[in-house]
Structures are given as C-alpha cells and as structure tokens.
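Asks: can't give you the sequence, but here's the structure:
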C-alpha cells in the first residue's frame, strides 16, 4: 500500500490514507466495485486502489482544467507524454516556458497544458502550481529544479496508469454536478470519497478553492443528495467544518503533510449514516482515533441520537422559514 502510484505531488494528498479507505471498502463489502473522487487532484488513493485490484473502476473529477488535462493526456497520449519527460531539459528557461503556457492555457493544446501542469507540479516547491521553482530562479538553493523529477520512475508510473485507461472515467466539471447528476447513475456498490479543498489556506495551495459559503453549500449537498450512497469526507478539522457536519459521525486525527514546510495538523473524517466504520486500522494514528471515538462511531443508539437532533434542527429551521 501507499506506493506512490500517482505521478503528481499534491498539497494535502491523502495517499497515506489508502489502507484505511481499503478497510472501509472491505467492511462494507465494496471491494471490486466502483470508487469516485469528485475532487480528484493527484488521485493517489484512487490509483492505488485501482492498480492493486481493490476496485474495478474509478471515476475522477477535477474542476481545474489543467489537472483534468494532465490526467486525460496520461490516458490518451501516454507515449508522447513519456517522451516529453525523457527529453525535458529541466532548466529555468524551460520552466519559464511551461509557466507561460499555464498563464494562457486556452491558447495551447490539451497535451501541452497537461504536460506543463505536470512539469510545474514536479519542479515547483511542494508541487504548488503557483509557487516558485525548487532552488530559486538562480538555482542557488540546496535542492535544484530536478530534485523531484526522477524521470524513469515517473515514466513507469504513467505507463502503469495508462494501462488501466478502460477502468478510469474522467470528468472536468463542478463537484456539485458530479454529486447531484453523475453519482446517482453509478452502481450500488460504489464508494464516494469527497476530499474538498482545505477550509484554511486553500487559496495558497490550489488553483480552484472555495469561499466559506461554498464549503457550507457543498456540505449540504453531500448530506442531502447522497443519503442512499456510501460516502466519506475528509477535511482540515476546523470548527466551521465540524459545525457543517454536526449530525454525522466523525473523528479527528493527526496527519502530517508538506506544503512549503512540514505541517502536522488536525484533520477530520466524516461518514455517511449507512456506512460501516472499521473498529481499527493498520494506520496507528487512525486506529487511535477509531478507538477513542468507538462509542460515537459504532453504537446504533448514538446514530439514532444524531438523527433525532438533525430532525429537530430541520423542523425548527422549517418553522423559521414559514414565519
């Protein structure tokens, strides 16, 4: 597990959590089924599950055209994509050329945009497309532009993923449309993993990010439109997010990621009412959180209490709207 199947470096990427997602699949008899990421990004979990044979088909969406262009180029032009990797000069002049393409993506081919996205992701600090180049423009830093560009390994990953092109569906639309229009058409044995942009500091990490009101709206859509689906949501564990999902089972845990510098912060996992949550995990930090929250996560009486609180809240809200 967690063998870095994805070619992208992604801020807040959740590939380290793949073992826990697999444990959720097993606990809910969803192995061999479909798996959806409305916010795909680096798609680290999806690629690991698919390549390992844990799911039969993955559905990836990203509202960012450059990210979509990358994935579509990998699946439809993998040979040319790998050729460009092998021929890359990895110098500042070339880096600037790719940066210019990203400034005006509509003036270039999808392959050009997809490769420039990949190039900047591998050569920029922390993989942030809007960040500066590793080592600085004068390349005087300890690490140089090629520090995160292992050509042979990256080519291997892309060739491996391209071999699964028939098992990958790509979308480039708003996550809200995926949830309301696309997911309802999928088989019953489907797990949805929503990993929206972080509530805090998202504007410095992603091309597309949400305003506070967007986070609240998408939380309502997830909870209202997917009542019959099995889903999980992960976020930075801030009070606003906990409030938006106050009637759902959840737990906080510590996850370290890197974006400009190593950061260890509180994250939250949120679960649909019909999902069986594992009681332990091979990931120590997840297992600790599961055991600490066992009563809230696993006792039917606790779930019933949340449902009752939600019903009272909705009734009071309806009365206010009628006045």
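Replies: Sure thing, it's come through. The shown structure was predicted, so the numbers you read here are calculated from the model rather than taken from an experiment.

Asks: Flag the shaky bits of the stretch 101-250 of the chain, pLDDT-wise.
Replies: The model of the stretch 101-250 of the chain has pLDDT under 70 over residues 201-209.

Asks: what ranges do the strands span in it?
Replies: For the stretch 101-250 of the chain, the strands defined by DSSP state E, counting those that start in this stretch occupy 168-171, 190-194, 230-236, 249-259.

Asks: could I get those strands as CSV with distance to residue 120 and mean neighbour count?
Replies: For every residue, glycine as well, the C-beta is placed using N, CA and C. CSV is the format used below for these (distance: least, Cβ to Cβ, whole Å; neighbours: other Cβ atoms under 10 Å):
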stretch, distance to residue 120, mean neighbour count
strand 168-171, 20, 18
strand 190-194, 26, 21
strand 230-236, 24, 23
strand 249-259, 15, 18
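
Asks: out of those strands, nearest to residue 147?
Replies: Comparison of the strands of the stretch 101-250 of the chain against residue 147 by Cβ to Cβ identifies strand 249-259 as nearest, at 13.0 Å.

Asks: Relative to residue 165, how far out is residue 233?
Replies: 28 Å (Cβ to Cβ, to the nearest Å).

Asks: Now residue 58: closest residue in space, sequence neighbours ignored.
Replies: residue 46 (4.4 Å; Cβ to Cβ, 6 or more residues apart in numbering).

Asks: Near residue 90, how many other residues are there?
Replies: By other Cβ atoms under 10 Å, 15 other residues sit near residue 90.

Asks: can you check the one 4 residues further on too?
Replies: Number of residues near residue 94 (other Cβ under 10 Å) recorded here: 14.

Asks: Enumerate every residue touching it.
Replies: Counting by Cβ atoms under 8 Å, 6 or more residues apart in numbering, residue 94 touches 88, 119.

Asks: Name the helix or strand for it, please.
Replies: Secondary structure assignment for residue 94, by DSSP states H and E: helix 92-103.

Asks: quick one: buried residues of that helix?
Replies: 92, 95, 98-99, 101-102 (16 or more other Cβ atoms under 10 Å).

Asks: In the protein, spot the helix with the most residues.
Replies: helix 300-322 (DSSP state H).

Asks: Give me the contact list for that one.
Replies: 246-249, 273, 295-296.

Asks: nearest to residue 189, of those?
Replies: The nearest one, if we look at these relative to residue 189 and count by Cβ to Cβ, is residue 273, at 17.8 Å.

Asks: Tell me who's in contact with residue 28.
Replies: 191, 230, 275-276.

Asks: can you list those residues in a markdown table and add distance to residue 52?
Replies: Shown next, in a markdown table, are the contacts of residue 28 (distance: Cβ to Cβ, whole Å):
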| residue | distance to residue 52 |
| --- | --- |
| 191 | 15 |
| 230 | 20 |
| 275 | 21 |
| 276 | 21 |
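
Asks: hmm, which two among the residues you listed are most spread apart?
Replies: 191 and 276 (11.4 Å).

Asks: The residue nearest to residue 58 contacts residue 40, correct?
Replies: Yes: Residue 46 is within contact range of residue 40, at 6.8 Å (criterion: Cβ atoms under 8 Å).

Asks: what's the closest non-adjacent residue to residue 217?
Replies: Nearest one to residue 217, counting by Cβ to Cβ, 6+ apart, is residue 176 at 7.8 Å.

Asks: Tell me who's in contact with the one you found.
Replies: Here residue 176 is in contact with 217-218, 221 (criterion: Cβ under 8 Å, 6+ apart).

Asks: what about it, distance to residue 63?
Replies: Distance of residue 176 to residue 63, given as Cβ to Cβ: 9 Å.

Asks: which residues does residue 186 contact?
Replies: Residue 186 touches 34, 36, 59, counting by Cβ under 8 Å, 6+ apart.

Asks: about what we covered before: any common contacting residues for residue 191 and residue 276?
Replies: Common contact partners of residue 191 and residue 276 (Cβ under 8 Å, 6+ apart): 24, 28.

Asks: now residue 75, nearest residue through space, not along the chain?
Replies: Leaving aside its chain neighbours, residue 75 sits nearest to residue 165 (4.4 Å; criterion: Cβ to Cβ, 6+ apart).

Asks: can you count the residues close to that neighbour?
Replies: 13.

Asks: Am I right that it is in contact with residue 72?
Replies: No: in this structure, residue 165 is not within contact of residue 72 by Cβ under 8 Å, at 10.0 Å.
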